[in-house]
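Asks: Sequence plus the predicted model coming up.
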Amino acid sequence: VPDEEALGKAASRIIAEQVQAQPDSVLALPTGRTPLRVYRELATLDQRGELDLHRVRFFHLDEFYPMATESPTSFQAFLWREFLSQVSIDRANVYFLNGLADDPAAECRRYEEQIAAVGGLDLVVLGIGVNGHIAFNEPGSPFDSRTRLVTLCPESRAASAYLFPSAEEVPRQGLTMGIGTIMEGHRILLIAVGERKARAVSESLGDSLTPALPASFLRQHPDLTVILDQEAASLLKRV
Ligand code: PGA
């Protein structure tokens, strides 16, 4: 698509169609700058009465660890601020990873159980990191990884620094759905904007499947849609 605005419209249309076809859809949603336009478009559809999100179940892809839920720098706070508070939903349908869980492994198991209990993820919306990460699955993450505690790469911490008063305050760890968890979603929608994503996009979509680029695994998914703006697509090889 030509630009970020068109990406917002195209991605929100896919999400809206999913919800219209299945009003109790289970969505997995990302934090970050990329989905902001998508969330704004969805909020507009909701406010116009063209979308009913009341029965939709929302799961968050990842969270910093440690991170207090109520902190404005949590991913949970971000998603409420930028999206969930702007639309009409049932709060009981919102599922988050607790970034202050005493036992992160148990918290991750609980999250997997919640995903299973609602029948799995219908649509997983993903951004991509400059290093090819998806959610907080950093390079080297196994294909069959589940929701777990991970150590963040310097690139990912730097990319999140804008959320914090200073770069040193970005947590060193995170809780994230695993690649295996994501790949079990029925549909995947990957979105990327800007030149800084061009290399990760072209290598993940064009070169070999490798744990060094977690997003490359998505090509094995039977129902993957990728939406890129011109800049993010600029290094894709033509076939
Ligand atoms: P961004 O983050 O949308 O802020 O670029 C994407 C990601 O790291 O997954």
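Replies: All right, it came through fine.
Asks: All the strands of the protein, in order from the start?
Replies: 26-29, 57-60, 62-65, 94-95, 123-126, 148-151, 173-176, 187-192, 224-228 (DSSP state E).
Asks: How about this structure: which residue is closest to the ligand?
Replies: Gly32 (2.6 Å; CB to the nearest ligand atom). Using the backbone N, CA and C atoms, a C-beta is placed for each residue, glycine as well.
Asks: max-length helix in the chain?
Replies: When the chain is parsed with DSSP state H, its longest helix is helix 4-21.
Asks: which residues sit against it?
Replies: Contacts with helix 4-21, where a contact means CB atoms under 8 Å, 6 or more residues apart in numbering, come from 1, 25, 27, 35, 37-38, 40-42, 45, 50-53, 56, 122-123, 125, 187, 189, 191, 193, 225, 227-229.
Asks: ok so, going back, these two touch, right, the residue of the chain closest to the ligand and Leu126?
Replies: No - when contacts are counted by CB atoms under 8 Å, Gly32 is not listed as touching Leu126 (9.6 Å).
Asks: Centroid-nearest residue for the chain?
Replies: Pro30 (2.6 Å; CA atoms, centre = their mean).
Asks: What sits closest to it if chain neighbours are left out?
Replies: Of all residues not flanking Pro30 in the chain, Gly127 sits nearest, at 4.9 Å (CB to CB, 6 or more residues apart in numbering).
Asks: tell me the contacts of that neighbour?
Replies: Counting by CB under 8 Å, 6+ apart, the residues that Gly127 touches are Pro30, Gly32, Thr34, Pro35, Ile134, Leu190, Ile191, Ala192.
Asks: got the phi/psi numbers for the first one?
Replies: I take that to be Pro30. When read as degrees, to the nearest 10, the backbone of Pro30 gives phi -100, psi 160.
Asks: Next up, the contacts around it.
Replies: Pro30 neighbours (CB under 8 Å, 6+ apart): Leu61, Val125, Leu126, Gly127, Ala135.
Asks: so who does the last one touch?
Replies: With contacts defined as CB under 8 Å, 6+ apart, the neighbours of Ala135 are Pro30, Leu61, Asp62, Leu126, Thr176, Met177, Ile182.
Asks: Throw those residues into TSV and include distance to Asn93 and pLDDT, thanks.
Replies: Formatted as TSV, these follow (distance: CB to CB, whole Å; pLDDT from 0 to 100):
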residue	distance to Asn93	pLDDT
Pro30	18	98
Leu61	16	98
Asp62	19	98
Leu126	20	98
Thr176	21	98
Met177	17	98
Ile182	20	98
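Asks: Going by distance to Pro104, which of those wins?
Replies: Ranked by distance to Pro104 (CB to CB), the contacts of Ala135 are led by Thr176 at 10.9 Å.
Asks: Near the closest one, how many other residues are there?
Replies: 30 (other CB atoms under 10 Å).
Asks: Quick one, grab the pLDDT at the residue nearest to it when sequence neighbours are not counted.
Replies: Once flanking residues are discounted, Thr176 sits nearest to Phe136: 3.5 Å by CB to CB, 6+ apart. pLDDT, Phe136: 98.
Asks: So which residues on the chain come close to the ligand?
Replies: Residues of the chain lying near the ligand by CB under 6 Å from any ligand atom: Pro30, Gly32, Arg33, Thr34, Gly127, Ile128, Gly129, Ala159.
Asks: mind running it again at 8 Å?
Replies: For the chain, the residues found near the ligand under the criterion CB under 8 Å from any ligand atom are 30-35, 126-130, 133-135, 156, 159-160, 192-194, 196-197.
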